Structure formats: structure tokens, C-alpha cells
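*Asks:* Need coordinates for the following:
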Amino acid sequence: MEGMAVRLQNLRKSFGRTEAVAGVDLEIADGEFFSMLGPSGSGKTTVLRMIAGFEAPSAGTIELAGADVTRRAPFERDVHTVFQDYALFPHMTLEQNVAYSLKVRKVPKAERRERARQALASVQLEGFGGRRPSQLSGGQRQRVA
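*Replies:* This next block holds a predicted model:
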């Protein structure tokens with residue numbers, strides 16, 4: 001049997017008196033494709049922000065690959081996030097944007113550059129590493145993000 005990539009147990013988030021996430025229980029197995037659907041304001045983004053570590057839950061636990069990461073910082077979680085607003089640094093090249101999380105994790109420079117180049121090639125942006133986000137179309141910026 002495959003392991004659990006993500007496990008949420010009684011995950012809750014309140015903003016003042018507003019309960020944005022009300023006791024979510026979820027298990028996503030390794031290799032499983034998962035899609036979260038719901039109307040605007042239903043808590044989808046809040047759940048994703050909690051998994052990534054950008055929001056602290058009011059209650060409940062978050063496990064990634066069997067480890068409790070509920071109180072870990074975002075950079076201490078092996079999670080990658082693509083924001084709706086792209087979240088690209090405009091002053092950095094595409095290669096620097098892609099390699100940024102590796103830099104935070106203190107991956108050696110040569111390995112960061114190679115992995116960033118591979119990532120750009122995987123989204124059909126090989127050779128674009130020296131460009132800035134403002135030099136791309138919206139779709140290209142989304143692929144970089």
C-alpha cells in the first residue's frame with residue numbers, strides 16, 4: 001500500500017469570529033491526483049496556505065509524508081506552492097526566481113542553477129532563464145511560478 005503524502009486531521013482556521021475552515025479531515029496518498037473544488041470563500045486557499053505553512057491552523061494537525069509539520073515554518077516543509085498572482089520577484093531573472101527556494105535551503109549554487117534550468121526546460125521555457133518576469137506573457141509567468 002502507498003503511503004500518505006498529505007493527512008489533515010480536524011483542521012480548523014478562524015479569523016476572529018469567522019470560521020474559514022471547519023474541521024477538515026483529508027488523506028491524499030502518494031501519487032494520487034487530488035483536486036479541491038468549491039465556491040469562492042469556502043476555505044480552499046486557506047487550507048492550501050495551512051498545508052504550505054503560510055497560515056497557522058487554529059486547531060488540528062497537518063502531516064506530510066508521515067511527519068507532523070503543523071508548527072513547522074514554510075521552508076521546513078517539502079511543499080511547492082504556485083500562487084494565483086504568480087508571486088515572482090520582478091527584480092530577479094526567471095532562473096533566480098525558480099532557484100530561490102533552493103537558495104533558502106542552502107543548495108550549492110551550481111546545483112541550483114542546473115535544477116532551475118531543468119525546471120524551466122520542463123515547462124518549455126528553455127533558454128529564458130536570463131529574462132525578467134515582465135518580459136513574459138501571462139501564461140509563461142504562470143509556468144515559471
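
*Asks:* Other residues contacting the longest helix belonging to the chain?
*Replies:* Scanning the chain for the helix with the most residues, using DSSP state H, yields helix 109-122. Helix 109-122 has contacts (CB atoms under 8 Å, 6 or more residues apart in numbering) with L94, E95, Q96, V98, A99, L102, K103, V107, E126, F128, G129, V144. In this view, the C-beta of every residue, glycine as well, is placed from N, C-alpha and C.

*Asks:* Next, the contact list for the first one, please.
*Replies:* Shown in contact with L94 (CB under 8 Å, 6+ apart): L120, L125, F128, G129, G130, R131, R132, P133, L136, V144.

*Asks:* Tabulate the residues you listed (CSV), appending pLDDT.
*Replies:* What follows is these, written out as CSV (pLDDT from 0 to 100):
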residue, pLDDT
L120, 95
L125, 93
F128, 93
G129, 94
G130, 95
R131, 93
R132, 91
P133, 88
L136, 84
V144, 88
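
*Asks:* In ChimeraX, how would I select just the buried ones from the residues you listed?
*Replies:* This is the ChimeraX syntax for the buried subset of the contacts of L94, where burial follows 16 or more other CB atoms under 10 Å:
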select :120,125,128,129,133,136,144
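
*Asks:* would you turn the contacts of L94 into a markdown table with distance to E32 and secondary structure?
*Replies:* Shown next, in a markdown table, are the contacts of L94 (distance: CB to CB, whole Å; DSSP: H, G, I helix; E, B strand; the rest coil):
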| residue | distance to E32 | secondary structure |
| --- | --- | --- |
| L120 | 27 | helix |
| L125 | 28 | coil |
| F128 | 32 | coil |
| G129 | 32 | coil |
| G130 | 37 | coil |
| R131 | 35 | coil |
| R132 | 36 | coil |
| P133 | 32 | helix |
| L136 | 32 | coil |
| V144 | 26 | helix |
